[in-house]
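S.K.: Provided below for reference: sequence and predicted model.
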Amino acid sequence: MIQEILNNNYVRIIFSTLVIYLFIVIAIRLFGKKELAQLSVVDMVFILLISNAVQNAMVGPDSTLMGGLVAASTLFIMNFIFKYLQFRFPKFGKVVDGDAIMLIYKGKVIDEHLRKAQITVDELLQAVREHGVPSVTEVDLAILEVDGNISVLSNEYQKKTSKRRKAHKILNKTEG
């Protein structure tokens, strides 16, 4: 009975998909959240090639509609479980997402944190300019968030901008 279950093609697809999902999550965590922010051409090509490379590992020779649906369903379920675990157990979320990293404090770049985040000064300056701040000296706080985006607070914390892939978000500080 167990041998029959293990030989079932759909069980193999589910198992392979789970292993690939975990591998990708761990790899992204190890190689840094910077990879999640704005994608360069090289990053886009890399992601496309990775997805193509792992597709066969997930579904193997089963290129049927049902094989694809089983793999996709497994990914959705696994993603839901990860999100639930991150919500339910904050320490698990920290392990998966890591911590935010302060890059600029009161107009001073923190070089040690840039190295840790593997962000160049040019990339940081670009992010500051994207937030509409002309100079690092005018930045009160810049943080590499756990999602890979860089948030910039300027003008003595009265305005916070967080650069997203296609939109700018401006949040005004409220007195509380």
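M.R.: Done, it's in. Residues are numbered from 1 along each chain as shown.
S.K.: helices of the protein, residue ranges please.
M.R.: 2-7, 9-31, 41-59, 65-88, 90-97, 111-117, 121-130 (DSSP state H).
S.K.: and residue 146, which of the ones you listed is closest to it?
M.R.: Closest to residue 146 of those is helix 90-97 (CB to CB; 4.1 Å). Using the backbone N, CA and C atoms, a C-beta is placed for each residue, glycine as well.
S.K.: and the closest one, what's its mean pLDDT?
M.R.: Per-residue pLDDT over helix 90-97 has a mean of 88.
S.K.: show me how this structure divides into domains.
M.R.: 2-97, 101-172 (automatic domain parsing).
S.K.: where among those domains is average confidence lowest?
M.R.: domain 101-172 (a mean of 79).
S.K.: so what's the nearest residue to residue 98 once chain neighbours are set aside up against?
M.R.: Excluding its sequence neighbours, the residue lying closest to residue 98 (CB to CB, 6 or more residues apart in numbering) is residue 146, at 5.9 Å. Going by CB atoms under 8 Å, 6 or more residues apart in numbering, residue 146 touches 33, 97, 98, 99, 100.
S.K.: where does residue 146 fall, phi/psi-wise?
M.R.: Main-chain torsions, residue 146, degrees, to the nearest 10: phi -70, psi -20.
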